[in-house]
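Engineer: Quick check, what structure comes out for this input:
(2 chains, ligands or ions: 2)
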Amino acid sequence: MRIAVVMKLVPDVVEELVLSEDGKRLERGDIALKANEFDEQALEQALLLKESSGAELTVIAAETGDVDEMLYTALAKGADRALKLVGDGLQDGIWNAQYAGILVDVIADVGADAVLTGVQANDDLDGQLATWLAAGLGWSFATVVSGVEAAGESLIAKKEFAGGLTANLRLPLPAVLGIQASPEPPRYAPISRVRQIMKTQSLEEREVTAPAGSITVLSLRPPEKTGGAEMIEGDVQAKAARIAEVLAQQGI
Amino acid sequence: MEEKAKAVELPSVTIDGVTLPAQWNRMFEPRVINQYDISVLEETTAIPGAESLGYCYQCGKCTGVCPIDTVGDYSPRKIFRRTQIGIPLIDSPDLWLCTTCRNCLRVCPKEVNMIDIMPAVREQAVLEGKAPQELLTAFENTARYGNPLGEAPRKRADWTKSAGVEVRIMSQLKAPVDVLWFVECYPSYHPRGKDASVALARILDKLGIDFGILGVEEKCAGDSQRMAGERGLFEMLAEQNISTLSKYEFETLMVTDPHAYNAFLHEYPKLGGSYKTVHYTQLLAPLIDQMGLSQEVPARVTFHDPCYLGRHNGEYEAPRRLLEAIPGIDLVEMGRCKERSYCCGGGGGGMWLDSFTRDHTSARLSEMRVREAIEYGAEILAVACPYEVSRFEDAVKSTGNAGRLKVMDISELLALSMGLIPMEALA
Ligand code: SF4
Ligand code: SF4
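Structural biologist: Ligands and ions are numbered 1, 2, ... in the order given. Okay, here's the model as predicted:
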């Protein structure tokens, strides 16, 4: 099996988000970016699949910021190849529909028969990448997946539904999976190993052109503050009395 | 242990007129130690840095001084013995409990050196994916954000806004300074660490010291990550800090954190960064006469020697001279002080292993230490390492001693006496 893991950079909310002057986008030069944490789950799931059934693993990311470290880290964790997509216009960030548009050809060239990516990302404004990808490729598809096993010419995906229901789905290959959680937490890549990989291995690059974006942002702004938390002071008796009062007021 | 040791006995023997029947003259033939399968020990001591574990001759001196043995079943002697009988250290919880406090090395006649053994075997464990998750989270935070707390790198100098005095940032200053203050992570981000930084900034300002900080350019010095087994991360941080420091001119590098002190003294020079490094207590102690310590701080105070200032680097006097100079302070020594000092539990990665340690010990070291301070009648536990304020304050609460013992950095006590922070801080 050949697995492609698609990753992307998302705004890191540990730092303040900075809006551009026209208020229509994030000021990309002034915000911090990090790997989408769900993509890290997808990578871990793919690594587990590789370990259990010998898949070949290619990690792909568009250069919408500095993706080198993310890709080298994936190699240090055990990915076989890392492919960086470069081209004009990527640095400003792209929508998922655009990303999927780019990836359809790339994935065909990589020869992947399964694509794993994160179920969602904190900047998904135009729908989720896995969904766009499955539609673009016309492959079988499951998302909100929290466990994948190889089964010959198909994959068994554990999918979560609302209300705590889960089902095991058999997906014939080729397939696209949106990963919610890997059975194991994403492994740690020791820095010495990442640095070693940086010295000895190089990233493959491929020139791409992003299709036109499908949505226009009219305005973007931070959520408005509504109310706040009440810090309940006093001794245990006073605190308990106040909590009881609040509960009664709210009719809880 | 293939064969049982053979007993040698005579039916009866008379020595110096005393007759010893068989059960009293029985002796055992010496049992050769390599009758054991010592392959696990050999595998461990083959790790570069861990060789000295093999020197242990089981005298037990370390057991009496290891702080972990007071809350568990632990010491280099026990670690050696377990490894010898085939329990791999690399898979054992023992690997993560040592705080690298250095007390065992002080007494060990064979120089079994946990300060080298632990990071070496831990590094192997990290490479094999065997380290506890909470420690890995701290490593990841450090790699990504330059601090183990996972705080925003751009907010590293935000504490200076509440300093009330000018704290100059080197990148903006564009001029040499006498003292470059390497603030470190907990003093930059932890609420109580920031209190101590504010106090220290005011003291430096009051003394007219020409100082600057690196601000957002500063990265964790990385020493505890190194001791916890992430040498690669340490080297990356050190290279970044050395390259940043090379841009600026300064006479003295002053650190708040004894762990950074240790790194700058012993590890950075190996990577090309040599600086005249002092701990802040060493910078201030010779300036006592100029400090204007006029306000009384009426309290019984005891001092906890940080392992990495005291035992690791031999500085016991500077903090004490400062404390003794503060009017009103009655300095009492705890039984375990100076080179025999206890440990707060935060060193060697312990700072990021609290849940793991809790599962393998009966109490936190910080709790044992807080109880000791209270036994000695202390009202204030004075500290000089940024790990300690948060650890001891938590321990004061968890041992039910809230209100009985205050934990304060020496810089806070000095600033109080200099009238630079309000006396309410004592309340
Ligand atoms: S360094 Fe300290 S904690 Fe570690 S084994 Fe020695 S005495 Fe115990
Ligand atoms: S003090 Fe040294 S030689 Fe003695 S038991 Fe401890 S480690 Fe072994």
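Engineer: Give me the pLDDT for A:Ala76.
Structural biologist: Note for A:Ala76: predicted pLDDT of 97.
Engineer: Double-check that it belongs to a helix.
Structural biologist: Yes. A:Ala76 forms part of a helix when assessed by DSSP: H, G, I helix; E, B strand; the rest coil.
Engineer: so it sits right up against A:Thr200, yeah?
Structural biologist: No. If you go by CB atoms under 8 Å, A:Ala76 and A:Thr200 don't touch, sitting 10.7 Å apart. For the C-beta atoms, the positions are set from N, CA and C on the backbone; glycine is no exception.
Engineer: Which residue of these two possesses the greater neighbour count?
Structural biologist: A:Ala76 (21 against 8; other CB atoms under 10 Å in any protein chain shown).
Engineer: Spit out the contact partners of that one.
Structural biologist: A:Ala189, A:Pro190, A:Arg193, A:Val194, A:Gln196, A:Ile197 (CB atoms under 8 Å, 6 or more residues apart in numbering or on different chains).
Engineer: Which of the residues you listed sits closest to B:Gly403?
Structural biologist: A:Pro190 (44.6 Å; CB to CB).
Engineer: Next, the contact list for B:Ala299, please.
Structural biologist: So, once contact is read as CB under 8 Å, 6+ apart, B:Ala299 ends up touching B:Gly328, B:Ile329, B:Asp330, B:Glu379, B:Ile380, B:Leu426.
Engineer: redo that, cut-off 10 Å
Structural biologist: B:326, B:328-331, B:378-380, B:382, B:406, B:408, B:413, B:416, B:426 (CB atoms under 10 Å, 6 or more residues apart in numbering or on different chains).
Engineer: Same question for B:Phe211.
Structural biologist: So B:Phe211 contacts B:166-168, B:170, B:177-181, B:200-201, B:204-205, B:250, B:252, B:254, B:283 (CB under 10 Å, 6+ apart).
Engineer: So the closest residue to it other than its chain neighbours: helix, strand or coil?
Structural biologist: In this structure, B:Phe211 finds its nearest non-sequential neighbour in B:Val179, 4.1 Å apart by CB to CB, 6 or more residues apart in numbering or on different chains. At B:Val179 the chain is in strand, as set by three-state DSSP.
Engineer: Would you check that B:Val179 makes contact with B:Asp205?
Structural biologist: No. Between B:Val179 and B:Asp205 there is no contact under CB atoms under 10 Å: 11.7 Å.
Engineer: what's the next secondary structure element after the longest helix along chain A?
Structural biologist: Ranked by number of residues, the top helix in chain A under DSSP state H is helix A:37-53. Remark: after helix A:37-53, the chain's next helix or strand is strand A:56-62, criterion DSSP states H and E.
Engineer: In its sheet, which strands sit next to that next one, and in what direction?
Structural biologist: strand A:2-7 (parallel), strand A:81-86 (parallel) (DSSP bridges).
Engineer: Redo those strands as CSV? Include distance to ligand 1, mean pLDDT and mean neighbour count.
Structural biologist: Below are these laid out as CSV (distance: least, CB to the nearest ligand atom, whole Å; pLDDT from 0 to 100; neighbours: other CB atoms under 10 Å in any protein chain shown):
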stretch, distance to ligand 1, mean pLDDT, mean neighbour count
strand A:2-7, 40, 98, 26
strand A:81-86, 40, 97, 20
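Engineer: Of all those, which one is nearest ligand 2?
Structural biologist: strand A:81-86 (45.8 Å; CB to the nearest ligand atom).
Engineer: which helices and strands does whichever helix or strand comes after that closest one pack with?
Structural biologist: Using DSSP H and E, the helix or strand that follows strand A:81-86 in sequence is helix A:96-110. Helices and strands touching helix A:96-110, by 3 or more CB pairs under 10 Å, 6 or more residues apart in numbering or on different chains; DSSP states H and E, are strand A:2-7, strand A:56-62, strand A:81-86, strand A:114-118, helix A:129-137, strand A:204-207.
Engineer: try it again with 6 Å
Structural biologist: helix A:129-137 (3 or more CB pairs under 6 Å, 6 or more residues apart in numbering or on different chains; DSSP states H and E).
Engineer: in the helix it packs on, what counts as buried?
Structural biologist: A:Leu129, A:Ala130, A:Thr131, A:Trp132, A:Leu133, A:Ala134, A:Gly136, A:Leu137 (16 or more other CB atoms under 10 Å in any protein chain shown).
Engineer: excluding its backbone neighbours, what's nearest the last one?
Structural biologist: Closest residue in space to A:Leu137, ignoring its immediate chain neighbours: A:Val104 at 5.9 Å, by CB to CB, 6+ apart.
Engineer: gap between stretch A:57-69 and the chain center?
Structural biologist: 12 Å (CA atoms, centre = their mean, to the nearest Å).
Engineer: which of the contacts of A:Ala76 lies closest to B:Asn141?
Structural biologist: A:Ala189 (14.0 Å).
Engineer: Grab the nearest non-local neighbour of the closest one.
Structural biologist: Closest to A:Ala189 by CB to CB, 6+ apart is A:Ala76, at 4.1 Å.
Engineer: What of B:Ile90?
Structural biologist: Nearest to B:Ile90 is B:Ala125, by CB to CB, 6+ apart, at 5.1 Å.
Engineer: so the one you found is in which element?
Structural biologist: helix B:114-127.
Engineer: correct me, but the residue nearest to B:Ile90 touches B:Asp91?
Structural biologist: No. Using CB atoms under 6 Å, B:Ala125 makes no contact with B:Asp91, being 8.2 Å away.
Engineer: So the two - more neighbours on which side?
Structural biologist: A count of neighbours by other CB under 10 Å puts B:Ala125 above the other of B:Ala125 and B:Asp91, at 21 against 12.
Engineer: what's the spacing between the more buried one and ligand 2?
Structural biologist: 21 Å (CB to the nearest ligand atom, to the nearest Å).
Engineer: Roughly how far does that residue sit from B:Asp394?
Structural biologist: 27 Å (CB to CB, to the nearest Å).
Engineer: what's in contact with the least confident helix or strand in chain A by mean pLDDT?
Structural biologist: Every helix and strand in chain A was compared by mean pLDDT, DSSP states H and E; the lowest is helix A:236-250, with a mean of 92. For helix A:236-250, the surrounding residues in contact (CB atoms under 6 Å, 6 or more residues apart in numbering or on different chains) are A:Ile232.
Engineer: Equivalent analysis for stretch A:214-226, please.
Structural biologist: Taking CB under 6 Å, 6+ apart as the rule, stretch A:214-226 contacts A:Gly23, A:Lys24, A:Ala97, A:Asp126.
Engineer: just to revisit the earlier point, nearest to chain B among the buried residues of helix A:129-137?
Structural biologist: If you rank those by distance to chain B using CB to the nearest CB, A:Leu129 comes first, at 22.6 Å.
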